[in-house]
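Engineer: Need a 3D model of the sequence below.
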Amino acid sequence: MRLETVLVTGSKGSVGAGVVAELKRAGYRVVSVDREAGTPAAAATHRTVDLLDPEAVEGAVAESDPDAVVHLGTIPHPLDRPGHETYESNAMTTYHVLEAAAEAGVERVSLASSINAMGAVFQEEPMDVEYLPVDEEHPVTPRDPYALGKRTIELQADGFARRVGEPSSVASFRFPFVADAAALRRWFYEPERTLASIDGESMATRNDLFAYVALEDAARAIRRGIETDLGGHERFFVSAPDTTMRTPTETLVDECYQDADGDDLSGRDPLVSTEKAKRLLGWEPERSWRDLSGTGPTAQAEVVGGQEAKE
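Structural biologist: Residues are numbered from 1 along each chain as shown. This next block holds a predicted model:
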């Protein structure tokens, strides 16, 4: 099918802004939807909508008549919020968007899930890891409100994609920490990033599988999610081609995941597999924090983006 107009919720957030810019560059007309007013520079038009209001969401989608919907408009992290607010933001906004897409006959939808659907950084207990690299078949054991909400997003997508009618192609993306160039430099390039040096304030550590993705790569994955006919709902891990650490991967496995099967990993190998995204979406990561020194996998110095985000 030919896509012309894409509606993006959460368009004024850090990831949302990167996605809007990516879609604009690819030639799409972007309808921006956010609870904050003001049209992003790359969007054709903007609608101020409370995504927890089902009638408002239905009206925005119906009146915009998009060919595809990208839903990013959820609380980006649960810090300093009651658990029920975090869960409601993830679960109910996604339900409203999927229902509105179904009513409007929108075939393609991309959703922001999270690596936290496994039960990751926002829980007190260590993440359960059975084997490495983790892929989409790995068991998930969410415990906290944020993780439960992200897992609920994926279950909703399963259900809507089973229905007769639209949306018939839904991609949900299990994003790790999403970082622009400034965040890559702040969190990974400038610090020592060894096991001995990281602490509770460090980003993308053991319970995140030392995973991250550059904002430009995340936005490109979202775009490929709506451009590809998946014939149902598919979950995808998207992650950078390496870890966030200077410590070799085999040491990370030995020290942090003693009970996991990961004997074949070495060097800078990531602990998250992106083979499914490569196979079904034609997506591969292109950016690394090591590129800032010219020594990374792609040796490119810039990452396009807005602010740092944690998904």
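Engineer: can you pull the contacts of residue 105?
Structural biologist: 165-166 (C-beta atoms under 8 Å, 6 or more residues apart in numbering). All C-beta spots, glycine's among them, are computed from the backbone N, C-alpha and C.
Engineer: start at 374 instead
Structural biologist: Renumbered: residue one is now 374, and that last one reads residue 478.
Engineer: Could you report the distance from it to residue 460?
Structural biologist: Using C-beta to C-beta, to the nearest Å, we find residue 478 at a distance of 29 Å from residue 460.
Engineer: Could you list the buried residues of stretch 613-633?
Structural biologist: By neighbour count on 16 or more other C-beta atoms under 10 Å, the buried set for stretch 613-633 is 613-618, 620, 622, 625-626, 629-630, 633.
Engineer: So which residues make contact with it?
Structural biologist: By C-beta under 8 Å, 6+ apart, stretch 613-633 touches 502-505, 550, 560-561, 565-568, 571, 576-579, 583-587, 590, 635-636, 638-644, 657-658, 660-663, 669-671.
Engineer: If any of those are buried, put those into a PyMOL selection.
Structural biologist: Those of those that count as buried under 16+ other C-beta under 10 Å are selected in PyMOL with:
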select buried, resi 502+505+550+560+561+566+568+571+576+577+578+579+583+584+585+586+587+590+635+638+641+642+643+644+658+660+661+662+663+669
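Engineer: which stretches of the stretch 474-623 of the chain form strands?
Structural biologist: Along the stretch 474-623 of the chain, the segments classed as strands by DSSP state E, counting those that start in this stretch run 481-487, 542-548, 550-552, 585-587, 605-610.
Engineer: Just say which of those strands is most tucked in.
Structural biologist: Burial of those is given as mean neighbour count (mean count of other C-beta atoms under 10 Å); strand 585-587 ranks first at a mean of 30.
Engineer: Count the neighbours of the residue nearest to residue 461 when sequence neighbours are not counted for me.
Structural biologist: Leaving out its chain neighbours, the residue that sits closest to residue 461 by C-beta to C-beta, 6 or more residues apart in numbering is residue 425, at 7.0 Å. Using other C-beta atoms under 10 Å, residue 425 is surrounded by 15 other residues.
Engineer: State the distance from the residue nearest to residue 481 when sequence neighbours are not counted to residue 562.
Structural biologist: Of all residues not flanking residue 481 in the chain, residue 441 sits nearest, at 4.0 Å (C-beta to C-beta, 6+ apart). Counting by C-beta to C-beta, the separation of residue 441 from residue 562 is 35 Å.
Engineer: about what we covered before: give the contact list for the residue nearest to residue 461.
Structural biologist: 461-462, 465-466, 469.
Engineer: can you do 10 Å?
Structural biologist: Applying C-beta atoms under 10 Å, 6 or more residues apart in numbering to residue 425 gives the contacts 408, 446, 458, 461-462, 465-466, 469.
Engineer: Turn those into TSV, including pLDDT and secondary structure.
Structural biologist: Listed next are those as TSV, based on pLDDT from 0 to 100; DSSP: H, G, I helix; E, B strand; the rest coil:
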residue	pLDDT	secondary structure
408	93	coil
446	95	coil
458	95	helix
461	96	helix
462	95	helix
465	98	helix
466	98	helix
469	98	helix
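Engineer: Next, give me the two most distant ones among those residues.
Structural biologist: 458 and 469 (15.7 Å; C-beta to C-beta).
Engineer: more neighbours, these two?
Structural biologist: Neighbour count, other C-beta under 10 Å: between residue 458 and residue 469, residue 469 has more, with 24 against 13.
Engineer: returning to what we had before: among the contacts of residue 425, which one lies nearest to residue 525?
Structural biologist: Nearest to residue 525 among the contacts of residue 425 is residue 465, at 9.3 Å by C-beta to C-beta.
Engineer: didn't the closest one look like it was pressed against residue 448?
Structural biologist: No - judged on C-beta atoms under 10 Å, residue 465 makes no contact with residue 448 at a distance of 11.3 Å.
Engineer: joint contacts of these two?
Structural biologist: Listed as contacting both residue 465 and residue 448 by C-beta under 10 Å, 6+ apart are residue 522.
Engineer: Put together JSON lines for the buried residues of stretch 613-633, with distance to residue 397 on each row.
Structural biologist: Formatted as JSON lines, the buried residues of stretch 613-633 follow (distance: C-beta to C-beta, whole Å):
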{"residue": "613", "distance to residue 397": "24"}
{"residue": "614", "distance to residue 397": "26"}
{"residue": "615", "distance to residue 397": "29"}
{"residue": "616", "distance to residue 397": "32"}
{"residue": "617", "distance to residue 397": "29"}
{"residue": "618", "distance to residue 397": "34"}
{"residue": "620", "distance to residue 397": "39"}
{"residue": "622", "distance to residue 397": "36"}
{"residue": "625", "distance to residue 397": "38"}
{"residue": "626", "distance to residue 397": "40"}
{"residue": "629", "distance to residue 397": "40"}
{"residue": "630", "distance to residue 397": "40"}
{"residue": "633", "distance to residue 397": "41"}
